[in-house]
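1. below are the sequence and a predicted model for it; my questions follow.
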Amino acid sequence: MSDVRLWCLHAIGPDDVHPAPDFSTAQKWADWGNQRFGEEADILRFVVAVWPWSVESHADGLQRSIANWTLPQPSPPEPERAVVDELAAANAEIERLRGLLIDPGSPAWEDARNILAAELDKVGMADRAASIRAGYAVFVPSHIALNLIGLAYKQSEVG
């Protein structure tokens, strides 16, 4: 059989009762009130109690109690400084790499493509090198691609 009792938060001291939607909510309110007003525990204490009045009076005061006793929600934690610094460093590196991008069709682009194809041939990736020479997009390990494209770009500026 389900519990049909109506619950409330009883503020002992002022002898005030506040209707609660259920026992566990009343318990949360009592715990919060006792923690918040702990210094006044000798004159003010909060406990869960069975609602002493009518069903109608419980219903009449319930929305007001919920509005008055809705507990403050903790703010989401601030990201740790190390995480913020790490993200800033990653964003700075992304911007630096964007500065190394070469416009397709430029002489530097062609140089980079040829150097990359030659390096892929050296490491046994001839099929990918052939695709690059043909102008197709292929998967290339990023560390190889970035190093070679940066090298090609620098060589085109010098040459």
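-> The structure has been received and is ready for your questions. Numbering: from 1, shown residues only.
2. now residue 68. Nearest residue, chain neighbours left out?
-> Nearest residue to residue 68 in three dimensions, chain neighbours excluded: residue 18, at 7.1 Å (CB to CB, 6 or more residues apart in numbering). For the C-beta atoms, the positions are set from N, CA and C on the backbone; glycine is no exception.
3. does that neighbour count as helix, strand or coil?
-> strand (DSSP: H, G, I helix; E, B strand; the rest coil).
4. what about it, neighbour count?
-> For residue 18, the neighbour count with other CB atoms under 10 Å is 20.
5. please tell me how far it sits from residue 35.
-> According to CB to CB, to the nearest Å, residue 18 and residue 35 sit 17 Å apart.
6. chain center to the helix or strand harbouring residue 130: distance?
-> Here residue 130, judged by DSSP states H and E, is contained in helix 126-133. Distance of helix 126-133 from the chain centroid (CA atoms, centre = their mean, to the nearest Å) equals 41 Å.
7. what is it packed up against?
-> helix 107-122 (3 or more CB pairs under 8 Å, 6 or more residues apart in numbering; DSSP states H and E).
8. report the rounded mean pLDDT for the helix it packs on.
-> What helix 107-122 shows for mean pLDDT is 77.
9. now that helix: buried residues?
-> For helix 107-122, the neighbour count (16 or more other CB atoms under 10 Å) marks 108, 109, 111, 112, 113, 115, 116, 117, 119, 120 as buried.
10. separation between the fourth one and residue 132?
-> Between residue 112 and residue 132 the computed distance is 10 Å (CB to CB).
11. what residue ranges in this protein score low on pLDDT?
-> 1-2, 72-73, 76, 94, 96-106, 108, 136-159 (pLDDT under 70).
12. where exactly do the helices run in it?
-> Taking DSSP state H, the helices of the chain run over residues 23-36, 55-69, 81-98, 107-122, 126-133, 142-158.
13. export these to CSV and tack on distance to residue 12?
-> What follows is these, written out as CSV (distance: least, CB to CB, whole Å):
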stretch, distance to residue 12
helix 23-36, 10
helix 55-69, 16
helix 81-98, 45
helix 107-122, 78
helix 126-133, 78
helix 142-158, 67
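14. closest one to residue 49 among those helices?
-> Nearest to residue 49 among the helices of the chain is helix 23-36 (7.9 Å), distances taken as CB to CB.
15. tell me what that closest one is packed against?
-> Counting contacts by 3+ CB pairs under 8 Å, 6+ apart, helix 23-36 is packed against strand 7-12, strand 16-20, strand 45-50.
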